[in-house]
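> After the sequence you'll find the predicted model.
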Amino acid sequence: MKTVITYGTFDLLHWGHVRLLERARALGDQLIVGLSTDEFNTIKHKEAYHSYAHRKYILEAIRYVDKVIPEKDWDQKIHDVQDNNVDIFVMGDDWKGQFDFLKPYCQVIYLPRTEGISTTKIKHDLNLMENKKNAQ
């Protein structure tokens with residue numbers, strides 16, 4: 001049984017997120033998602049639209065996700081890999097090289113991002129739409 005793990009905030013869930021989860025799950029028999037808590041997002045200077053509880057609820061409804069665990073800090077990844085007998089760590093390739101410190105514990109794979117979609121793009125597009133609406 002191969003266990004795969006990935007991490008993220010997964011706010012404003014979109015098809016790029018689902019595609020990442022699908023590709024990550026295809027690498028093994030079980031996918032664990034380390035979901036950034038609201039407190040950890042504050043430390044990272046990120047603000048999620050949805051609360052941790054709601055983001056967790058959404059992720060648990062996705063068929064590719066077998067388990068969701070809280071990501072509370074940057075340093076927990078080695079512990080999570082060991083505690084969950086993880087074989088493969090997966091992140092988007094925008095993080096390439098950032099998690100190579102996990103290579104002594106598991107295989108590290110950086111998957112290509114889905115072109116044309118991101119939470120940042122969605123937020124940007126929504127702001128443009130709102131500004132255009134307000135200018136009329």
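Everything's here; your move.

> longest helix of this structure?
Looking only at the chain and at elements set by DSSP state H, the helix with the highest residue count is helix 119-135.

> Tell me the buried residues in it?
Of the residues in helix 119-135, those buried by neighbour count under the rule 16 or more other CB atoms under 10 Å are 119, 122. Bear in mind the C-beta positions are built from the backbone N, C-alpha and C, glycine included.

> tell me the mean pLDDT for it?
Along helix 119-135, the predicted confidence averages to a pLDDT of 78.

> ok, which stretches of the protein are helices?
Listed in chain order, the helices of the chain (DSSP H) span 15-25, 38-43, 52-60, 77-83, 119-135.

> okay, the angle between the third one and helix 15-25?
Yep, that's helix 52-60 we're talking about. Angular relation of helix 52-60 and helix 15-25 on a 0 to 180 degree scale: 60 degrees, by axes from the mean of the first three to the mean of the last three CA atoms, to 10 degrees.

> Now do helix 52-60: everything it contacts.
Counting by CB atoms under 8 Å, 6 or more residues apart in numbering, helix 52-60 makes contact with 9-11, 13, 21, 33, 35-38, 48, 50, 65, 68, 70, all of which sit outside it.

> Please spell out the ChimeraX selection for the buried subset of these.
For selection in ChimeraX, the members of these meeting the burial criterion (16+ other CB under 10 Å) are listed in this command:
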select :9,10,11,13,21,33,35,36,37,38,48,50,65,68,70
